[in-house]
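Have a look; sequence and predicted model below, questions after that.
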Amino acid sequence: MAKLGKRLSAAYEGVDREKLYTLVEAVGLVKEGSRAKFDETIEVAVNLGVDPRHADQMVRGVVELPHGTGKAVRVAVFAKAGKADEAKAAGADIVGAEELLESIQQGKIDFDRCIASPDMMGLVGRVAKILGPRGLMPNPKLGTVTVDVASAVKAAKAGQVQFRVEKAGIVHAGIGKASFDEGKLVENVRAFVDAIQKAKPSGAKGSYMQKVSLSSTMGPGVKVSIPSIAG
């Protein structure tokens, strides 16, 4: 095992790296170990018993956290005419069609979420190879291809989180900030894990949810007892 630096070693004081803590205990320890000079993001990582190389074992979805993420989300919307006006009124940061396409092609991607009205998907498809690898490609299953662009923008701004299992079978996401009250972080974790449970694919066999851990941007990882997450 790699040797920990002085800062992380200090953060791990009081944390048993092999113990499974209750969710409430884990949140408290992660908050306590968050000692950076900025408001660290609290992240949850879930190890799943799936092989995402198989289509029937892919896990992806979206969840609206009850207390948001604490992160300012920049939203871009592909839309024209009335839909463009709706997106702007809802708080979208960037709204456009051909001009937005050109900006993306030039490598100007200064947004965290991309939404499109259905009639724009022919245009959006031309930058799929750019947006896809970044997890930004609009998708009807995630609610980012929709005629109701205003609601999609508002949801993204309010802290809606998209998730997708990685090759190693891990799903992770930021679920709040270290400055959040413990109760809000607990509720956000439960909402996120519940969404993953509901997204269980048909091809999943055996133990689906295997490990859950919490950490902060610069702090220690803490293992969480899965039964405690249910409350």
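Noted; the coordinates are in hand.

Let me know the outermost residue of this structure.
residue 81 (30.6 Å; CA atoms, centre = their mean).

Look up how far residue 96 lies from that one.
Distance of residue 81 to residue 96, given as CB to CB, to the nearest Å: 12 Å. Where you see a C-beta, it was placed from the backbone N, CA and C, and this is true even at glycine.

what ranges of this protein fall below the confidence cut-off?
1-14, 231 (pLDDT under 70).

For it, give the helix that spans the most residues.
Longest among the helix segments of the chain by residue count, using DSSP state H, is helix 182-198.

Quick one: residues in contact with that one.
23-24, 27-28, 31, 42, 44, 46, 48, 59, 61-67, 69, 161, 163, 171, 173, 175-176, 180, 208-209, 212, 214, 224, 229-231 (CB atoms under 8 Å, 6 or more residues apart in numbering).

Mind checking which of the residues you listed are buried?
23-24, 27-28, 31, 42, 44, 46, 48, 59, 61-63, 65, 67, 69, 161, 163, 171, 173, 175-176, 180, 209, 212, 214, 224, 229 (16 or more other CB atoms under 10 Å).

In helices, which of those appear?
Checking those against DSSP H, those in helices are 23-24, 27-28, 31, 229.

and which of these is nearest to residue 220?
Nearest to residue 220 among those: residue 31, at 11.3 Å, using CB to CB.

Skip the chain neighbours and tell me the closest residue to the closest one.
residue 178 (5.7 Å; CB to CB, 6 or more residues apart in numbering).

Was I right to think the one you found contacts residue 42?
Yes - applying CB atoms under 8 Å as the test, residue 178 and residue 42 come out as touching, 6.1 Å apart.

Identify the contacts common to these two.
Common neighbours of residue 178 and residue 42 (CB under 8 Å, 6+ apart) are 30-31, 34, 216.

Turn those into CSV, including distance to residue 148.
Compiled in CSV, the shared contacts of residue 178 and residue 42 are given as follows (distance: CB to CB, whole Å):
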residue, distance to residue 148
30, 36
31, 37
34, 37
216, 35
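
Just flag the most distant two among those residues.
31 and 216 (7.7 Å).

shared neighbours of those two, anything?
Joint contacts of residue 31 and residue 216 (CB under 8 Å, 6+ apart) are 42, 178.
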